[in-house]
Structures are given as C-alpha cells and as structure tokens.
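> Structure of the sequence below:
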Amino acid sequence: MRPPNLLVFLPDQQRTDTIACYGGTKVHAPALNKLASESVIFERAYVTQPICTPSRASLLSGLWPHTTGCTRNSVPLEQGFPTFAELLENKDYNCAYMGKWHLGGDAGAQRGFRDWVSTEDVSDYSRFLLSHGIAPDRPSNAFSRRFISTLPLELSKPKFLEDHACQFIEQHRRGPFALFVAFVEPHTPYNGPFNEEHSLAEVDLDETALSPPTDEVPLRYRLIRERQHAHAILDRARLPQLYYAGITPEEYCGIKQRYLGLVTLVDRSIAAILGCLEQAGLMNETIIVHTSDHGDCLGAHQLFGKEVMFEEAARVPYLDAWAAPQPENQSTHQSHRFPTDPAGAAWSDQTTSLSGAKSCSTAQRRSDAATKHFYGMVAEPG
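Model prediction:
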C-alpha cells in the first residue's frame with residue numbers, strides 16, 4: 001500500500017465559528033462544511049501563540065515559540081529547527097508549499113519543500129499580476145494588500161493558489177505528496193470580491209463586542225484597543241470603508257460582513273482544489289487537514305485581529321479527514337497536532353500539541369485511522 005498524500009489548507013486568521021460544525025451556520029462555506037461532515041473535528045484546538053510567525057513556526061517545526069525564538073512576526077525560523085518537510089525520511093514524498101510562509105525568505109523554495117509558489121511582496125503572484133497588465137502600486141513591482149483586495153475574483157490570491165494547487169495535484173497524482181496551501185485571506189484588509197455575499201442579518205457580533213469595555217482586561221490589550229480606535233478614526237476619512245478596525249457596533253457589523261466574504265472566497269478555492277483531487281482519483285488516498293494560524297477578535301472585547309489570548313484569537317478550526325475505508329472500533333479521543341508516521345518523520349521530545357482535542361464527527365473511525373497513521377500521539381493531560 002502506498003503511503004497517503006497530505007493536503008493541508010492553512011488560511012490566515014480564520015475564526016473557528018466560520019464553519020457550521022463550530023456554530024457558524026450562517027456563514028457561506030459549503031466546501032468546508034462538507035469537509036467537516038467527513039472529518040474528525042477538533043473542538044478545543046488552540047495555537048501556541050496567536051500571531052502569524054510564532055504559530056506557523058510551531059505548526060511546521062512542532063516546537064514552542066520560546067524554543068524556536070519565533071516569538072513575534074518576521075523572525076526567520078532558524079536552520080537548527082527542522083521543518084516537517086525536512087524531517088521526512090521517505091524521500092519519495094514531493095513536498096510543496098504555496099502561499100504565505102512568513103518564516104523568512106518567502107520568495108524561493110524553503111526548508112525541504114521542492115515545489116514553491118510565493119504570494120507575498122515581489123513574488124510569483126506579483127509577476128502573475130504584471131503579466132495580466134496590472135500596474136503595481138509599490139516600488140520594485142510589488143503590490144500592497146489593500147490594492148490586491150480591490151481586484152476581481154479571477155485575479156485574487158485564492159484563485160491564483162487554486163490554479164497552482166490543481167496543477168500540482170495533476171502533475172503528482174502518482175504521489176505520494178504533501179501539499180500546503182496557505183491562503184492569506186481572511187486576514188486584513190477586510191475587503192474583497194464578496195463583500196456583500198452575506199446580508200447584515202447573517203452577521204452576528206460577539207456578546208463582548210456589545211458590552212461596555214471594562215478595566216478588567218490587561219493594560220496591553222487596552223492600549224491595543226486605543227491604537228486601533230485611533231487608526232479607525234483616521235481611516236474613516238481616508239478610506240472608502242474600514243478595512244482594519246472599527247469603533248461602533250455598526251462598523252463592527254460591516255467589517256465582519258466583509259470578513260465573512262473573504263471566508264467564502266477561500267471556501268470556493270478549497271472546493272475547486274478538492275474537486276481536482278477527486279477528479280485525479282486521489283480522495284481515498286489523501287489525508288486532508290484544515291486549520292489556521294490563529295483567529296480574529298472581529299470586535300469582540302472591542303478588538304480586531306489577534307495578538308491577545310482571548311478565545312476568539314487563540315482558538316482555531318481543526319479538521320482531519322481521510323475517506324479511505326477503515327476497520328471498525330477505532331478510538332477517537334487523542335490530542336495531537338503534527339504529522340509523523342507514514343513518511344518516517346521523527347519529532348523531538350520537545351514537540352508540542354493542541355491538548356484537549358476531541359472528535360465529534362460522523363466519520364470518526366476512518367479519520368482516526370488516518371490520525372493514527374499520520375500523527376504522533378500525545379496523551380491528554382490527567
């Protein structure tokens with residue numbers, strides 16, 4: 001039996017409650033909802049640190065941020081901390097990374113990944129836009145995220161990654177492969193081609209978004225709130241709409257409406273990639289994982305984005321699916337996060353996990369078999 005493929009979807013800043021199985025029943029995400037119905041669903045999945053670089057370093061290395069030194073954004077992951085791709089002993093695996101990396105040196109292939117598609121700054125994506133006659137708004141033929149957010153669907157980053165992921169799947173259908181598709185969306189700016197996909201009636205604010213602020217939150221969080229409010233006041237005058245933060249409940253609703261549109265944008269590309277996987281006849285031979293590097297407050301506690309250890313920022317969706325038929329009576333109550341077994345990757349004793357994960361899916365037996373095959377087990381805390 002050939003080892004299974006691995007397909008990881010890693011959107012940036014996706015809240016847990018944007019998928020129906022986590023309570024997001026009003027969110028237009030049919031592909032993720034279908035995937036969840038075929039997955040083990042981890043209900044208590046938390047990142048090591050709710051900021052892009054630290055969380056991504058943990059996901060790729062299996063180590064805590066204080067171990068890797070990646071405790072803030074834009075800190076390269078040092079060579080002394082090997083990634084999942086570098087630890088694979090089965091060299092038959094073709095490892096590919098497409099999208100946002102944020103661990104240093106985004107432009108070219110990194111850390112054991114043979115195939116590489118870059119999307120940030122001067123990148124494969126910026127060259128794609130130039131080839132379509134789009135004029136850059138930054139020096140060195142680069143494009144700002146705000147400008148990119150105004151582009152039509154066919155020129156969006158998710159569509160760009162979708163096309164490259166489908167090409168990779170077709171080229172490597174004889175496998176095995178490990179493919180990471182790292183979408184930038186629904187990260188700020190809260191703007192995109194599906195801004196009005198959801199009606200305001202489908203937008204629910206967190207209870208803490210509507211409660212008066214108190215002094216019970218840490219001082220640092222209050223200072224973040226003040227900074228965001230100051231920027232929002234400036235943005236009211238200089239932007240057509242608020243792309244980063246708001247102050248009033250009405251502004252919170254508008255921002256979240258556009259954020260949910262970005263979730264739909266990513267969902268459509270996930271649907272297309274899964275369609276390519278099915279067309280290649282690889283659904284039964286591929287483990288599919290969907291998670292995020294952190295969540296987004298989206299007005300909860302009068303905050304936006306991440307950086308804070310509130311539930312809305314630190315908790316993430318985590319779906320683990322494998323459609324291959326499996327034996328009966330498989331247990332499905334483990335806590336784990338990082339791939340290991342099938343390709344022979346050996347993780348350090350220092351590797352961390354997302355404790356308290358629990359399966360609640362109708363596909364428990366078959367997905368747990370994938371888990372046992374592809375993940376290192378970590379006992380739940382006693």
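> for this protein, which helix is longest?
helix 249-279 (DSSP state H).
> Show me the contact partners of the helix or strand following it.
Later in the chain than helix 249-279, the nearest helix or strand by DSSP states H and E is strand 286-291. Applying Cβ atoms under 8 Å, 6 or more residues apart in numbering, the contact partners of strand 286-291 are 4-10, 32, 35, 39, 45, 59, 270, 274, 277, 316-322, 370, 373-374. Placement of C-beta: from N, CA and C, glycine included.
> rerun that using 7 Å as the cut-off
4-10, 32, 35, 45, 277, 316-322, 370, 374 (Cβ atoms under 7 Å, 6 or more residues apart in numbering).
> do the same with stretch 174-181
2-10, 85, 92-99, 161, 165, 168, 273, 285.
> Let's see that with 6 Å instead.
3, 5-9, 93-99, 161, 165 (Cβ atoms under 6 Å, 6 or more residues apart in numbering).
> cool, and stretch 240-259?
Contacts of stretch 240-259 (Cβ under 6 Å, 6+ apart): 186, 188-191, 195, 198, 200, 203, 205, 209, 228-229, 231-232, 235, 298-299, 304.
> out of those, which are inside helices?
Those of these lying in helices (DSSP H): 209, 228-229, 231-232, 235.
> among these, which ones are buried?
209, 228, 232, 235 (16 or more other Cβ atoms under 10 Å).
> Looking at these, spot the one nearest residue 68.
Set against residue 68, the nearest of those by Cβ to Cβ is residue 228 (28.2 Å).
> Pass me the low-pLDDT residue ranges in the chain, would you?
Scanning the chain for pLDDT under 70 picks out 323-382.
> which residues of it fall in helices?
So, for the chain - with DSSP H - the helices run 30-37, 52-61, 65-68, 84-87, 124-131, 145-148, 157-171, 207-210, 219-238, 249-279, 311-314, 364-374.
> which one of these is the most hemmed in?
helix 52-61 (a mean of 26; mean count of other Cβ atoms under 10 Å).
> Which elements pack onto it?
Applying 3 or more Cβ pairs under 6 Å, 6 or more residues apart in numbering; DSSP states H and E, we find helix 52-61 packed against helix 65-68.
> Can you report how many residues lie near residue 307?
18 (other Cβ atoms under 10 Å).
> what's the distance between it and residue 54?
11 Å (Cβ to Cβ, to the nearest Å).
> For residue 266, see how far away the residue nearest to residue 152 when sequence neighbours are not counted is.
The shortest distance from residue 152 to any non-neighbouring residue, by Cβ to Cβ, 6 or more residues apart in numbering, is to residue 193 (5.9 Å). The spacing between residue 193 and residue 266, counted by Cβ to Cβ, is 12 Å.
> No further questions, thank you.
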